[in-house]
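*Asks:* Prediction below, plus the sequence it came from.
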Amino acid sequence: MEEILSKGEINKYIETLRSAKRHSEEIIMLIKDDLEYGLTTDQTERYSKQGFNLGQMKVYSECLRKGDTEKFLSMIDKYEISAPQMKIAYEFYQKGVETDVIEDVVAKGEVPVVMRNTFNRIFEPINEMKKDASTEPEYARELVKKMEEIVSKINFQEERYDALNEKLAHIKSTKEEDEKKTDLDKKIKEKELALMD
């Protein structure tokens, strides 16, 4: 894999591009920005040697910067599409529409507004699924919250039962002590009466 260029190497490469006079200053500045961002010369040459116009190069550049778009870029390389078509295709790629589905739409060569409408029809069910998925965690959170409340109540009831059992045990032991005391008092009185006789 090609290494990222240093600032000096970038400046030297940009001067080489300027002296070759193959690209406009805007394209050279786009390449320079991409190199400074961390893209390699191989990556910038992917769009600068394809015969793309500046608009197409900007979309391609954005794809490269996002990374993990190789399948999408390979698909773009196969078709001659305008910058607006590329933008729409990439927009829906970012929204999660599969590359194969995007390619089916791109291959038809429709104008951008028709492409957008087609992608919107495709994306609508995906959007609905995402909405459903986003409500499920809320439902799950509510369910967990209710379960925590129930467990908390059960724990509270257990604590109350434990406290009640403790009191009952205390009452029972107090009652037994009282009975023993009463029994002892009775025996003492009997002994006292026996002594008096």
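*Replies:* Nice, thanks for sending it over. As the structure is a computational prediction, the values presented were derived from the model and not from experiment.
*Asks:* which element is Gln43 on?
*Replies:* In this structure, Gln43 is located in helix 41-48 according to DSSP states H and E.
*Asks:* got the CA coordinates for that helix in PDB?
*Replies:* These are the backbone C-alpha positions of helix 41-48, laid out as PDB (Å, rounded to 0.1, in the frame of the first residue of the first chain):
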ATOM      1  CA  THR A  41      -1.600   9.700  -4.900                       C
ATOM      2  CA  ASP A  42      -3.000   6.400  -6.200                       C
ATOM      3  CA  GLN A  43      -6.300   7.300  -4.700                       C
ATOM      4  CA  THR A  44      -6.400  10.800  -6.100                       C
ATOM      5  CA  GLU A  45      -5.300   9.500  -9.500                       C
ATOM      6  CA  ARG A  46      -8.300   7.200  -9.500                       C
ATOM      7  CA  TYR A  47     -10.500  10.100 -10.100                       C
ATOM      8  CA  SER A  48      -8.100  12.600 -11.800                       C
END
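*Asks:* helix or strand right after it?
*Replies:* Once helix 41-48 ends, the next helix or strand along the chain (criterion: DSSP H and E) is helix 54-66.
*Asks:* Check the offset of that next one from the chain's centre.
*Replies:* Relative to the chain's own centre, helix 54-66 is displaced by 25 Å; criterion: CA atoms, centre = their mean, to the nearest Å.
*Asks:* before we move on, what about stretch 175-184?
*Replies:* Worked out by CA atoms, centre = their mean, stretch 175-184 lies 70 Å from the chain centre.
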